[in-house]
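Enquirer: Predicted model, plus sequence, below.
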Amino acid sequence: MTVNRPDLGLPPGSLVYVGDRKPTETSLSIIGYDPIGSWTRTADTVEELLSYRNDAGITWINVNGLDDLESISKLAQTYGLNSLSIEDILNTEHRPKVEEFEDHLFIIAKAITWNNEKGPEYEQISIILTNNTVITFQEHPGDCFDAIRKRIEVNAGRIRKMGSDYLAYALLDSLVDEYFKTLDKLGQKLEEFENQAVDETGRHFLKQLQNVKQQVLSLRRIIWPQRESISSLARLDTDLISEELQPFLKDLYDNILQCAETIESYRELIISIMEVNLSSVSNRMNEVMKVLTIISTIFIPLTFVVGVYGMNFKYMPELEHPLGYPITWGVMVLIALGMVAFFKRRHWL
Amino acid sequence: MTVNRPDLGLPPGSLVYVGDRKPTETSLSIIGYDPIGSWTRTADTVEELLSYRNDAGITWINVNGLDDLESISKLAQTYGLNSLSIEDILNTEHRPKVEEFEDHLFIIAKAITWNNEKGPEYEQISIILTNNTVITFQEHPGDCFDAIRKRIEVNAGRIRKMGSDYLAYALLDSLVDEYFKTLDKLGQKLEEFENQAVDETGRHFLKQLQNVKQQVLSLRRIIWPQRESISSLARLDTDLISEELQPFLKDLYDNILQCAETIESYRELIISIMEVNLSSVSNRMNEVMKVLTIISTIFIPLTFVVGVYGMNFKYMPELEHPLGYPITWGVMVLIALGMVAFFKRRHWL
Amino acid sequence: MTVNRPDLGLPPGSLVYVGDRKPTETSLSIIGYDPIGSWTRTADTVEELLSYRNDAGITWINVNGLDDLESISKLAQTYGLNSLSIEDILNTEHRPKVEEFEDHLFIIAKAITWNNEKGPEYEQISIILTNNTVITFQEHPGDCFDAIRKRIEVNAGRIRKMGSDYLAYALLDSLVDEYFKTLDKLGQKLEEFENQAVDETGRHFLKQLQNVKQQVLSLRRIIWPQRESISSLARLDTDLISEELQPFLKDLYDNILQCAETIESYRELIISIMEVNLSSVSNRMNEVMKVLTIISTIFIPLTFVVGVYGMNFKYMPELEHPLGYPITWGVMVLIALGMVAFFKRRHWL
Amino acid sequence: MTVNRPDLGLPPGSLVYVGDRKPTETSLSIIGYDPIGSWTRTADTVEELLSYRNDAGITWINVNGLDDLESISKLAQTYGLNSLSIEDILNTEHRPKVEEFEDHLFIIAKAITWNNEKGPEYEQISIILTNNTVITFQEHPGDCFDAIRKRIEVNAGRIRKMGSDYLAYALLDSLVDEYFKTLDKLGQKLEEFENQAVDETGRHFLKQLQNVKQQVLSLRRIIWPQRESISSLARLDTDLISEELQPFLKDLYDNILQCAETIESYRELIISIMEVNLSSVSNRMNEVMKVLTIISTIFIPLTFVVGVYGMNFKYMPELEHPLGYPITWGVMVLIALGMVAFFKRRHWL
Amino acid sequence: MTVNRPDLGLPPGSLVYVGDRKPTETSLSIIGYDPIGSWTRTADTVEELLSYRNDAGITWINVNGLDDLESISKLAQTYGLNSLSIEDILNTEHRPKVEEFEDHLFIIAKAITWNNEKGPEYEQISIILTNNTVITFQEHPGDCFDAIRKRIEVNAGRIRKMGSDYLAYALLDSLVDEYFKTLDKLGQKLEEFENQAVDETGRHFLKQLQNVKQQVLSLRRIIWPQRESISSLARLDTDLISEELQPFLKDLYDNILQCAETIESYRELIISIMEVNLSSVSNRMNEVMKVLTIISTIFIPLTFVVGVYGMNFKYMPELEHPLGYPITWGVMVLIALGMVAFFKRRHWL
Ligand SMILES: [Mg+2]
Ligand SMILES: [Mg+2]
Ligand SMILES: [Mg+2]
Ligand SMILES: [Mg+2]
Ligand SMILES: [Mg+2]
Ligand SMILES: [Mg+2]
Ligand SMILES: [Mg+2]
Ligand SMILES: [Mg+2]
Ligand SMILES: [Mg+2]
Ligand SMILES: [Mg+2]
Ligand SMILES: [Mg+2]
Ligand SMILES: [Mg+2]
Ligand SMILES: [Mg+2]
Ligand SMILES: [Mg+2]
Ligand SMILES: [Mg+2]
Ligand SMILES: [Mg+2]
Ligand SMILES: [Mg+2]
Ligand SMILES: [Mg+2]
Ligand SMILES: [Mg+2]
Ligand SMILES: [Mg+2]
Ligand SMILES: [Mg+2]
Ligand SMILES: [Mg+2]
Ligand SMILES: [Mg+2]
Ligand SMILES: [Mg+2]
Ligand SMILES: [Mg+2]
Ligand SMILES: [Mg+2]
Ligand SMILES: [Mg+2]
Ligand SMILES: [Mg+2]
Ligand SMILES: [Mg+2]
Ligand SMILES: [Mg+2]
Ligand SMILES: [Mg+2]
């Protein structure tokens, strides 16, 4: 857990990529649509990309990879972003936020994907919303927006009939939908832990549970600010978001709130599992020690008895007695039975 | 504990049933009443159902089962619900809420019933309130509204004299009354746990208590948002709720607040029980170990003594002494008594 | 700990006694006073009681016992209470509150008395305040208001000179004064626990402490809402409470706040006691085990030594040696002393 | 920990001394000053005291000891205090507060002094502030105001140039300055505890730490309300406090806030110390048990071996063998070394 | 942990150095710049320093070392600071704050540097902002502002084009950038602790972790008020801060918020590490005890058996039997195997 900030000490607004992975090469694509039709292009340069623009309908520009600082900066400046916002796009450890500017909204959101080895992985998705354009900046190729591209292409749902604000909403909505998948994976994992909590007494159970706990806490550090940011988006008083979008934002808020509450319930569950496991480990250990100690305790007095008749005194009348040996056995059996009875009566056996 | 969301990735407002149980077949019924009389019908189709409507009095339409998406959607649209609300009706994992629309209120509430095997069970009850109609959507047949139906039929209390808002209130009130029954069951269970906490040292006591704790926490996750939603209902400034209803909503709020406070006291009680039990388990174990160790400690020096006189040295004057054996016994008895006295003086016995 | 609500499922405003004790028979009394004089009457019926009323001065009607639903209802309706308030009077598990109505205030408060066996006991005191009348409903005969009755009778303090609002305040003030007595009893108990915490290692110490903790928590569940309700009373903007009463209400609030803070300090003290006790129990146990184990460890090597010379090999030169036996003793003494020295150096003895 | 309230049940405004110590005899003094000069008098009666008053400058009346109820009451009434305020002056367990009246402010503050045996001791200082007079009521003789008296006498700083509000501020400021001394003593104590936490495993370490914890918590119960009360003083909109005083009150607030934050850091430190100590105690105990058990385990198999050759069977070939004895020794040494090696490899030694 | 306040008891506004280190000798420097050029001077006296001033552009005066009270006081008074502010500059334990005055802002901030031996070290940086001047007071020479000096000199970024408010912002921004370096160091340390948590069972692991925990908490006590103070700076409505600066302050707030959230995640991580370590220590200890006890338990019955045949009874038929010895061995092997099998079946081995 380290803080990765190569930009520290630079003048405010310096453009440096900040993140825990090497930035991928930048690739550009653009989608245009209106109620009547839609088209898609990919471009090699920002100039080419901008030449495809068409003021008539809605334009969605997508940038994958934050490697080419110059192109990103040029594109961002074309749409009026200040250097601080560009800096934030490149700082992929930024917390989710919504910032209002005169002619655009600047939204930082997070995509969460589940990696079977490493748990949840985060990708920063920066969204610029102007009155007829949405620009998305992604850290890496690959996203959960294909269903939206499909809906635009085949004119499904209301997306083609609505403005750029609806597109931005749809993107956020599909990000949040993805969160549920990660939550579901974590939920399944926790269910397994819950089932093993009584029986699993090894040293690594808790270590692994703590691992999952750290994952839950890292999710929480993403989802709570995301919830806050969606809530502030819904309360924003701006022309960029039409009145018509309100119910959709409220629905989106309902969803992210459910994520947040699920995260809280996971935390409580983890605490429960830990408590059950710790008490189970100690109960089991106690049980082992108890049985073992009981065995010892039964034999110790008997060993004393046989020690007594192993002594070499010249004058020990018992040793001469013809029934000395069997009587001693009898006494020892009685002692053993007495001990067992005593333990039974005290419910220690 | 998993998140069940088959609707994820679909366009907002897509109609899919979301829940942890198979949806039951849809069945429709309608009740009409005014101060003078009342009537009841069941219907096979939405068209049939709607044909029974009568604008004069108050109408209560009840839908059991969320299987027939088309009928539900048709009915909902007849009363002006948007697709997001319909989606919420079908998402039976939705958190309780109140949403205000131009001509109706949309309320999501939860019925809680006690299942002797599984503990509390939840059923989502979605309520649509217009100025002369209440529509309720239930996941399954069977509810706690029969007393209300009876009151309408026999004209008991004020229900027939008041508006649709009173009907919606009465439904919520009877849901909250049901919560107390579940709380009572949990309270009885906790009382049993409390009585066993000192004596029950088995490994499964805590596991079962954690089970109940999870039930209490799941109840909490329902009751707190329900409290919030009833509070917002009481503060709503809308024509759909008459001034006359205010004292009833306040009373309802008192009730749900009592539920919430009871839940909190259960949490505190569970913590107490856990603390008592853990300390009891460890005290009892310590007791066992103590007695056992004391027995061992008394016999270990004695075994040493008899070992000494079991040695085969040629020249051991004690062995030849005629009183060697009885004197040795005397010494051993003294050692044992000394040990016991020492333990007694230190309050270890 | 169970929820006792026989009224569940009944229409709102149904009159049923709700409480954990059998309701006592209803008995009625009435006191009238003005700056010049005062009088007292008891009555058998509500009609008789009401016939004693005198509009000139201030009237205080007291009802002990909630058994006679009809009389209570008749009396309450005479003073304009709605059925929901009457229902609350009968629900003796209701949380403290203040409700404002057009011509009266409805106050639910709690009397707390200390029972030497069971700890704090609660009695619900419902207070109706109109512009010239106070009505109090008590669960049982017996209260802490005798000093007030005396002050009215002998014209002590300012009570006879002031309005019905001052009477209601005086009642609440004497209830809160009683709280301090219960807090004092609990404080004494906690002091005893604190003194025993280091020495008391029995299994029931913690159980009893948890008992007191539950009592403290139950007090807290009364005192915090009571504090809230007194605070809202002081902030109420109503003609029923004269400006002149404000400093008294503020003083009352100071008092209940001190109760609340005392409760919080008790909770912290209980946690301290538990921590000290738990660590004391474990320290003492460890001490026992340590001394016992040390004894065992010293004798085990010695027992080995004597075992060696108990072997029956034909050729064991030591056995033949005339000083074999005393030398062996010497060696054993040296081993024992060496062990003790080792333990001492490591500070285990 | 008990609640000391002899005034309970008395009519509101009854004058009774409430506190945990016998009230000291009342003694009166008066200081007058203006920019030009200053004078000091002591008095035997309130009448004498009041005769010294001089309306021209600022007057500071100090009352030590709350024994003489009549004098205190007379003095207080001269300055327009109502009986509830007088009651609060006498209730030395009152929490810090600021109350605004038409022509005076009533301030309850606490002096904290460090007693080397008992830890922090509290004295209630009630301050009345009118437009040209400050009256202070103290429980006992002795205070931290001598530096202020000196400043008035020698005309140091701005005190002689400013109004009565500055005097009241100066008093509070020197009280808060005293808090730091107590905090410093506690901080030194905690540093000692911190240094001993790893080595001190006795049973009384935690008891003493809990003692300090209780002192910290009692300080906290004074300092937090004091902070609140100073904050409300700074936000008060009254003619009694001149605009000029604002920066001083803000500075005072900074100081009391630092006290409050220091207290919180002490609480966190105490928790740390407890955790380190508990784990240290248990680690050390485990270490002891481990070494002891290892010794036992090594000798137990050896004792078995010598037991084998102590058996008296007629036909035991090893016993006859001339090298039986030395070979047995060899085997036993090998077993012992094997055990040690096994323990070493598992890092148990 | 002690409170260091030599100023206590002095009149408000007294100038005394308060801090935990000896103040360093005061040294003065001044930088002037406008869009066209920049210059730098050092001075020996305040008079010399002030003679360099030039009203045309922006002036930055830096004071290192708080030793020369007179110079500091003279300089501060030249810019209209009141004595309370000067006192705060000298009190280097003051919490971060922003205070607004008529013609200047007074900002107390903290520089945090990482010391490899002692962890985070704090230096108070007091900043005075007037409409064309910034004055910084530092405890010691050496700071993180060299990059800013360079930017002024080489006219990099926008700093030369903007006002004194931007300079103050740039200073705060570079302080916060430094925080990340300390957070990164702590993060690396915690990562090491995390990796050792399962294996490290020594007594000092937790002590060292608690050390880091105290460092994290001390950081938290700086960063949270710093966050608050930056937030209040951004919300300030003053002419001293131009509208243009708003996005920069927001960006600064984003950064300090990330610091605060990182600190919180460190606290959670520390708790996780402690839990894993504690359970690991106890698991490992239990393991040791288990294996050891198993060995003991196997040999104890065997030692009993050989004890039996070591008895010296005259009539013991087994002893005479030619196969007595090998049969006994067989029985003992069977007992040992039976014990092992029993342990295996119960999963204790
Ligand atoms: Mg930056
Ligand atoms: Mg990343
Ligand atoms: Mg973040
Ligand atoms: Mg991507
Ligand atoms: Mg969705
Ligand atoms: Mg929805
Ligand atoms: Mg949806
Ligand atoms: Mg369900
Ligand atoms: Mg149903
Ligand atoms: Mg009800
Ligand atoms: Mg009610
Ligand atoms: Mg009811
Ligand atoms: Mg009751
Ligand atoms: Mg209640
Ligand atoms: Mg009563
Ligand atoms: Mg009172
Ligand atoms: Mg008072
Ligand atoms: Mg704790
Ligand atoms: Mg009083
Ligand atoms: Mg006192
Ligand atoms: Mg009082
Ligand atoms: Mg207090
Ligand atoms: Mg004094
Ligand atoms: Mg001061
Ligand atoms: Mg200051
Ligand atoms: Mg000061
Ligand atoms: Mg410092
Ligand atoms: Mg601070
Ligand atoms: Mg410096
Ligand atoms: Mg920066
Ligand atoms: Mg930024």
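Expert: Cool, got the structure. Ligands and ions are numbered 1, 2, ... in the order given.
Enquirer: Can you name the residue of the stretch 101-250 of chain A nearest ligand 4?
Expert: Going by C-beta to the ion, ligand 4 is nearest to A:Q138 of the stretch 101-250 of chain A, at 3.6 Å. Quick note: C-beta positions are derived from backbone N, CA and C, even for glycine.
Enquirer: So which residues of chain A form strands?
Expert: With DSSP state E, the ranges of strands along chain A come out as A:27-33, A:38-43, A:58-64, A:97-100, A:105-115, A:119-129, A:133-138.
Enquirer: Report how many residues lie close to the residue of the stretch 101-250 of chain A closest to ligand 4.
Expert: Residue neighbour count, defined by other C-beta atoms under 10 Å in any protein chain shown, stands at 21 for A:Q138.
Enquirer: A:Y79 now?
Expert: 16.
Enquirer: ok, it - contacts?
Expert: Contact analysis of A:Y79 by C-beta atoms under 8 Å, 6 or more residues apart in numbering or on different chains lists A:H104, A:I128, A:T130, A:T133, A:I135.
Enquirer: Quick check, pLDDT for the closest residue to ligand 27 within the stretch 151-300 of chain A.
Expert: Residue nearest to ligand 27 within the stretch 151-300 of chain A (C-beta to the ion): A:R221, separated by 30.9 Å. If you check A:R221, the pLDDT there is 92.
Enquirer: residues contacting it?
Expert: For A:R221, the contact set (C-beta under 8 Å, 6+ apart) comprises E:E261, E:S265.
Enquirer: same thing with the one 10 residues further on?
Expert: The neighbourhood of A:S231, defined by C-beta under 8 Å, 6+ apart, consists of A:Y253.
Enquirer: Check the gap between it and chain D for me.
Expert: 30 Å (C-beta to the nearest C-beta, to the nearest Å).
Enquirer: For A:R345, grab the count of nearby residues.
Expert: Using other C-beta under 10 Å, A:R345 is surrounded by 9 other residues.
Enquirer: Give me the pLDDT value at it.
Expert: What the model reports for A:R345 is a pLDDT of 87.
Enquirer: Is any residue of stretch A:206-220 near chain E?
Expert: Yes - using C-beta under 8 Å from any C-beta of the partner chain, we find that stretch A:206-220 touches chain E at A:L206, A:K207, A:Q210, A:K213, A:Q214, A:L217, A:S218.
Enquirer: tell me the contacts of A:Q138?
Expert: A:Q138 neighbours (C-beta under 8 Å, 6+ apart): A:N62, A:V63, A:N64, A:G65, A:A111, A:E123, A:Q124, A:I125.
Enquirer: Likewise for A:I89?
Expert: Counted by C-beta under 8 Å, 6+ apart, A:I89 has contacts A:L66, A:I72, A:A76, A:I108, A:S126, A:F137.
Enquirer: now A:Y33
Expert: By C-beta under 8 Å, 6+ apart, A:Y33 lies in contact with A:W39, A:G57, A:I58, A:W60, A:I152, A:I159, A:R160.
Enquirer: Within its local environment, how many residues does the residue of chain A found nearest ligand 31 see?
Expert: Residue of chain A nearest ligand 31, by C-beta to the ion: A:D88 (4.2 Å). A:D88 has 23 neighbouring residues, counting by other C-beta under 10 Å.
Enquirer: Skipping adjacent residues, who's closest to it in space?
Expert: Closest residue in space to A:D88, ignoring its immediate chain neighbours: A:H94 at 5.2 Å, by C-beta to C-beta, 6 or more residues apart in numbering or on different chains.
Enquirer: ok, now which ones touch that neighbour?
Expert: Contacts of A:H94 were listed using C-beta under 8 Å, 6+ apart, and they are A:D88, A:I108, A:Q124, E:D254, E:Q258.
Enquirer: what does A:A168 give?
Expert: By C-beta under 8 Å, 6+ apart, the neighbours of A:A168 are A:L105, A:I107, A:I127, A:L129, A:V134.
Enquirer: possible to save those as JSON lines with neighbour count?
Expert: JSON lines is the format used below for these (neighbours: other C-beta atoms under 10 Å in any protein chain shown):
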{"residue": "A:L105", "neighbour count": "21"}
{"residue": "A:I107", "neighbour count": "22"}
{"residue": "A:I127", "neighbour count": "21"}
{"residue": "A:L129", "neighbour count": "26"}
{"residue": "A:V134", "neighbour count": "26"}
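Enquirer: So what's the residue count around A:L337?
Expert: A:L337 is flanked by 11 other residues according to other C-beta under 10 Å.
Enquirer: can you tell me which of the contacts of A:H94 lies nearest to C:L334?
Expert: Nearest to C:L334, judged by C-beta to C-beta, of these is E:Q258 at 67.5 Å.
Enquirer: wait, the closest one sits on A:R95?
Expert: Yes - applying C-beta atoms under 8 Å, one finds E:Q258 in contact with A:R95, separated by 6.3 Å.
Enquirer: got the contact list for A:V340?
Expert: A:I298, A:L349.
Enquirer: If you drop the residues flanking it in sequence, what lies closest to A:A170?
Expert: Using C-beta to C-beta, 6+ apart and skipping the chain neighbours, the partner closest in space to A:A170 is A:I148 (5.3 Å).
Enquirer: list the contacts for the one you found?
Expert: Contacts of A:I148 by C-beta under 8 Å, 6+ apart are A:I159, A:L167, A:A170, A:L171, A:S174.
Enquirer: that older thread, wait, which of the contacts of A:I89 is closest to ligand 23?
Expert: A:I108 (58.8 Å).
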